[in-house]
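**Q** need a structure here:
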Amino acid sequence: MKPLLALLLWCWALAASPTAAAAERTPFQARCEDSIGETLSVLTGTQNGFRIDNTVGYRGLTAMKGRARPGQVVLGLTRTESRVMINVGGRLLTDPASGYECIAPHIEIRLTYPPIVVFISREFRPGSCAYEEVLAHEMRHLNTYLDYLPKAEGRVRLALARRFEDKPLYARIGQAQTLLQREIDRGWMPYIKSEMAKVEALQAAIDSPQEYARLGKVCGGEVQSLLRPVRKAKQS
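**A** Just a heads-up that it's a prediction; the model follows:
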C-alpha cells in the first residue's frame, strides 16, 4: 500500500468513534450500518478506438517523441494519454449525542483513453512493404494500451473493495465528507495514476535497440533508403 494512502487510513481510524471496534454495536452504529445504505464503488474503463495518421513526416514524428535516442529517427508513433475522473459523494447520518457522523461513500471512477492516434511517416507509401512493417510495429504499441486498461481496472477495483468493505465510515460531525475527499485526492488519485502509468514500461520494452535494428533491415533496404539521406545530412 502507498505510504500516503496508509496515512489517510490511519487518520480515519483516529477520527472514528472509539466504540467502532467494540464487540457490540452502539445504537448509532446499528442505525448507520442498517439504514444508511451500502457503500458503492463504480469503476469503468473506456476505450475510444484509434485512427491512423499518415500526414506527419519522420522529422515531425522524431520531434513529437521527444525522448528519441541520439541519431534515432522515428518512423512511426502511437500516442494517447490516460485520464482518470473521480466523483465522490455519499449519504450522511449524524449523532449529536456522540458528536459523530457516518457516511456511506459513493465513489465513481472512470478510466479512459481518448482515441489513440497511430502515426506512420508520410514518406512511406501506404501498402508498401516498409509501411506495413512500421504499421505492424505500431500495432504492438496500440494493442499494449488496449490490453492494459482492463488489467489496471481490475487492480484498482480490488483495492477499492478491500478499502471500503461495504461499511460506512465514521468521523467527527462535519468532517466525514472532507476526510473522504482528502483520501481520494491525496491517496486514490495518485495511486490510480501510477497504475495507469505502468503501461509505459511495457511500451518502452517494445522499442528495444534490437527492434529498431530489425526495422532498419526489412524490405530490401526500403527503410535504409530513407535513413541514408538523414544520416548524411547529420554528418555534413
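**Q** ok, which stretches of this protein are strands?
**A** 40-47, 50-53, 76-79, 83-95, 100-113, 116-120, 169-172 (DSSP state E).
**Q** how about the helices in this protein?
**A** 3-15, 27-35, 58-65, 129-164, 176-183, 189-197, 199-206, 209-215, 222-235 (DSSP state H).
**Q** which neighbouring elements make contact with the second one?
**A** Helix 27-35 sits against strand 83-95, strand 100-113, with contacts defined as 3 or more C-beta pairs under 8 Å, 6 or more residues apart in numbering; DSSP states H and E. Where you see a C-beta, it was placed from the backbone N, CA and C, and this is true even at glycine.
**Q** send me it as CSV with only the CA atoms.
**A** What follows is the C-alpha trace of helix 27-35 in CSV, where atoms were taken according to Å, rounded to 0.1, in the frame of the first residue of the first chain:
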residue,chain,number,x,y,z
PRO,A,27,-27.3,2.3,18.6
PHE,A,28,-25.8,4.9,16.3
GLN,A,29,-23.6,2.2,14.6
ALA,A,30,-26.6,0.0,14.2
ARG,A,31,-28.6,2.8,12.6
CYS,A,32,-25.7,3.7,10.3
GLU,A,33,-25.0,0.1,9.2
ASP,A,34,-28.6,-1.0,8.8
SER,A,35,-30.3,2.1,7.3
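**Q** off-centre distance for it?
**A** A distance of 36 Å separates the centroid of the chain from that of helix 27-35, by C-alpha atoms, centre = their mean, to the nearest Å.
**Q** what residues sit buried inside that helix?
**A** Burial within helix 27-35, assessed by neighbour count using 16 or more other C-beta atoms under 10 Å, is assigned to 28-29, 32-33.
**Q** just want the angle from that helix to strand 83-95.
**A** For helix 27-35 against strand 83-95, the angle between stretch directions is 130 degrees (axes from the mean of the first three to the mean of the last three C-alpha atoms, to 10 degrees).
**Q** now the helices and strands packed on helix 27-35 in a markdown table, with mean pLDDT, distance to Q72 and mean neighbour count?
**A** Converted to a markdown table, those look like this (pLDDT from 0 to 100; distance: least, C-beta to C-beta, whole Å; neighbours: other C-beta atoms under 10 Å):
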| stretch | mean pLDDT | distance to Q72 | mean neighbour count |
| --- | --- | --- | --- |
| strand 83-95 | 92 | 29 | 16 |
| strand 100-113 | 92 | 26 | 21 |
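**Q** as a markdown table, those with distance to Y148 would be great.
**A** As requested, the helices and strands packed on helix 27-35 are exported to a markdown table (distance: least, C-beta to C-beta, whole Å):
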| stretch | distance to Y148 |
| --- | --- |
| strand 83-95 | 14 |
| strand 100-113 | 9 |
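**Q** what's the closest of the ones you listed to A171?
**A** strand 100-113 (6.2 Å; C-beta to C-beta).
**Q** wait, G90 sits on I103?
**A** Yes - taking C-beta atoms under 8 Å as the definition, G90 is a contact partner of I103 at 4.5 Å.
**Q** good, we can wrap up now.
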